[in-house]
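Turn this into a model:
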Amino acid sequence: MHAHRTATAEHHTNFLVKELGGIKGLDTRIQYELRQLLTSSTLVFLHTFVPGLLLDLLYLWDIGPREIRFVSELYGSLMHGQNADDIRRIGRFQPFWKGPDEQALFEELGLNCWTTPARMWQLNCKVTLRRIAQSLGLGWLVPPHRICRTADEVRAAYRWLIEMESNGIPVPDAVIAKKPRLLSGAGMMFIHSWADLESFIATHVDGQSDVIVEAAWTQRLDASVHWDIKESGCLHAGATVQAVENGLNHLGNFIASAEDDLPGMSALEVRLLYSMTTPIAAYWWHQGYRGMIGFDMIRVVGTCGKERWYMIEPNTYRPPAPRYIMALGKRLDHRLCGKWAIGMSDIHLAPTAVSTFDELVKLLRHPAWGRLLFDGATGIIPLPIGLPHKFIAVCVGRNSLEVQTLLARVKFLAGETVVEPRVLTTV
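You can find the predicted model right below:
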């Protein structure tokens with residue numbers, strides 16, 4: 001099933017080096033382009049090694065892109081020759097990000113540029129999101145915060161937040177400082193003391209760039225809702241529950257065909273989150289943006305016992321991380337009779353677990369663990385992103401309980417946890 005003809009290529013090196021100025025763990029992040037193998041794209045260009053066994057399994061399972069083409073260079077090898085002709089014939093090209101190099105590629109291919117590099121940063125900017133909410137009279141959509149530039153402004157904002165009283169909102173038990181133009185794990189820091197604050201100031205505050213100093217809560221649930229902004233209007237495009245480590249580092253997502261099957265979140269809450277984000281999606285529709293956009297949300301519990309949802313950041317990466325498993329869900333919908341759930345998460349491997357992809361597949365096939373490997377309908381699809389230190393497990397089940405059981409099993413099997421999962425029946 002290939003509903004939309006699309007050619008894709010994800011140049012993560014270009015994004016991380018040219019757009020972000022470099023970031024730790026670059027070698028692993030380059031491999032994130034392998035997530036495209038979960039989509040049903042017409043043509044995917046890759047320049048990262050893919051184990052032959054993985055390609056064989058994708059063919060056996062009848063999932064993944066219609067064609068995978070390996071190239072030595074992105075984007076130079078796409079601008080001319082057969083690759084360029086095939087992209088023009090398909091008529092739609094989807095990169096991971098839209099920077100100057102991507103814009104040059106679109107122009108060379110004669111394709112419509114769906115946004116500009118400057119607009120791409122606006123769509124993904126945490127500061128812009130807060131200013132839009134404030135301009136619409138909806139400042140309550142985001143957590144209490146201040147946007148600062150100087151060290152004195154940052155210190156004043158921190159004092160204001162740690163002295164905050166309820167006043168109808170959940171009282172925060174922490175403060176978080178954010179550098180908007182960096183990925184969350186690299187550009188955010190929980191502030192638990194004045195010493196933490198001075199450390200953040202020394203690293204990120206330069207007197208010219210915006211930083212966000214904001215209320216934070218350690219008791220929280222992370223989620224997201226996604227919109228497909230078309231010429232005809234804004235359409236719901238799926239909701240997720242997120243796996244987040246230490247409140248900063250994104251590890252994965254859970255989605256389900258039924259809104260009432262998301263772990264820890266009700267269908268009523270999903271509708272609430274769409275209601276909260278409708279004004280922002282409509283704002284970008286009126287600004288002329290067309291495409292996918294997602295909003296990260298948190299459900300928090302304050303020290304006073306009050307509970308509520310907040311919107312914390314937009315994501316317009318092409319596609320946002322959950323879109324890979326959403327595409328897989330559409331592909332598997334008929335096989336699973338419309339009832340499915342999928343979880344995608346990083347799995348950290350113990351030093352003695354496995355060292356190659358073939359060993360990983362053998363481990364997942366072991367009958368002692370109920371043969372966890374995907375069988376074409378349910379099970380675990382392993383992506384070799386970060387081997388031998390970690391990989392991404394895509395867990396497919398008929399409901400979220402099955403997915404959580406698969407995830408618990410594979411964490412135990414990989415040596416990430418020494419707690420044996422309670423549920424050991426075959427999924």
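
Break down the protein into its helices, ranges please.
Secondary structure of the chain by DSSP state H: the helices cover 12-13, 26-30, 52-61, 81-90, 100-109, 117-124, 126-135, 151-162, 184-187, 194-204, 267-286, 322-332, 357-365, 400-414.

among those helices, which gets the worst mean confidence?
Least confident of those, judged by mean pLDDT, is helix 184-187 with a mean of 62.

on that earlier part again, could the helices of the chain go into CSV alongside distance to residue 316 and mean neighbour count?
C-betas here are computed from N, CA, C, even on glycine. CSV is the format used below for the helices of the chain (distance: least, C-beta to C-beta, whole Å; neighbours: other C-beta atoms under 10 Å):
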stretch, distance to residue 316, mean neighbour count
helix 12-13, 16, 17
helix 26-30, 18, 14
helix 52-61, 28, 14
helix 81-90, 21, 15
helix 100-109, 13, 17
helix 117-124, 4, 17
helix 126-135, 11, 18
helix 151-162, 27, 17
helix 184-187, 15, 17
helix 194-204, 23, 15
helix 267-286, 9, 17
helix 322-332, 11, 22
helix 357-365, 32, 18
helix 400-414, 27, 21
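
Which one of those lies nearest to residue 256?
Proximity to residue 256, assessed across these by C-beta to C-beta, is greatest for helix 400-414 (5.5 Å).

Pairing partners for the lengthiest strand in the chain, with directions?
Identified as the longest strand of the chain according to DSSP state E is strand 233-245. Looking at strand 233-245 with DSSP bridges, its partner strands are strand 220-230 (antiparallel), strand 249-256 (antiparallel).

among those, which gets the worst mean confidence?
strand 249-256 (a mean of 84).

for that strand, the distance to its chain's centre please.
Distance of strand 249-256 from the chain centroid (C-alpha atoms, centre = their mean, to the nearest Å) equals 7 Å.

Extract the C-alpha set from it and format it as PDB.
The C-alpha atoms that make up strand 249-256 are tabulated as PDB, following Å, rounded to 0.1, in the frame of the first residue of the first chain:
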ATOM      1  CA  ASN A 249      15.900  12.900  26.400                       C
ATOM      2  CA  HIS A 250      13.300  11.500  24.000                       C
ATOM      3  CA  LEU A 251      13.500   7.700  23.800                       C
ATOM      4  CA  GLY A 252      10.400   6.700  21.800                       C
ATOM      5  CA  ASN A 253       6.700   6.900  21.200                       C
ATOM      6  CA  PHE A 254       3.600   4.700  21.600                       C
ATOM      7  CA  ILE A 255       0.600   5.000  19.200                       C
ATOM      8  CA  ALA A 256      -2.600   3.000  18.800                       C
END
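
Dump stretch 46-62 to CSV, restricted to CA.
Written as CSV, here are the backbone C-alpha positions of stretch 46-62 (Å, rounded to 0.1, in the frame of the first residue of the first chain):
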residue,chain,number,x,y,z
LEU,A,46,20.2,6.1,1.9
HIS,A,47,23.9,6.7,2.5
THR,A,48,24.1,4.7,5.7
PHE,A,49,25.0,1.0,5.8
VAL,A,50,22.0,-1.4,6.1
PRO,A,51,22.6,-5.0,7.1
GLY,A,52,21.6,-7.4,4.3
LEU,A,53,19.6,-9.4,6.8
LEU,A,54,17.4,-6.4,7.6
LEU,A,55,16.6,-5.8,3.9
ASP,A,56,15.7,-9.5,3.5
LEU,A,57,13.4,-9.3,6.5
LEU,A,58,11.7,-6.2,5.2
TYR,A,59,11.0,-8.0,2.0
LEU,A,60,9.8,-11.1,3.8
TRP,A,61,7.5,-9.0,6.0
ASP,A,62,6.3,-7.0,3.0
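
Could you list the residues in contact with that stretch?
Stretch 46-62 is contacted by residues 9, 30-31, 33-34, 36-37, 64, 68-74, 356-358, 361, 374-376, 381-384 when judged by C-beta atoms under 8 Å, 6 or more residues apart in numbering.

tell me, how many neighbours does the residue lying closest to residue 144 once chain neighbours are set aside end up with?
Spatial nearest neighbour of residue 144, excluding adjacent residues (C-beta to C-beta, 6 or more residues apart in numbering): residue 215 at 4.5 Å. Counted with other C-beta atoms under 10 Å, residues neighbouring residue 215 total 23.

which residues sit in contact with residue 215?
Shown in contact with residue 215 (C-beta under 8 Å, 6+ apart): 143, 144, 145, 161, 164, 172, 174, 175, 176.

what about 7 Å?
Contact partners of residue 215, counting by C-beta atoms under 7 Å, 6 or more residues apart in numbering, are 143, 144, 145, 161, 164, 172, 175.

So which of those residues sits lowest on pLDDT?
Where pLDDT dips furthest among the contacts of residue 215: residue 164, at 88.

Test my guess that it contacts residue 171.
Yes. With contact defined as C-beta atoms under 7 Å, residue 164 reaches residue 171; the gap is 6.5 Å.
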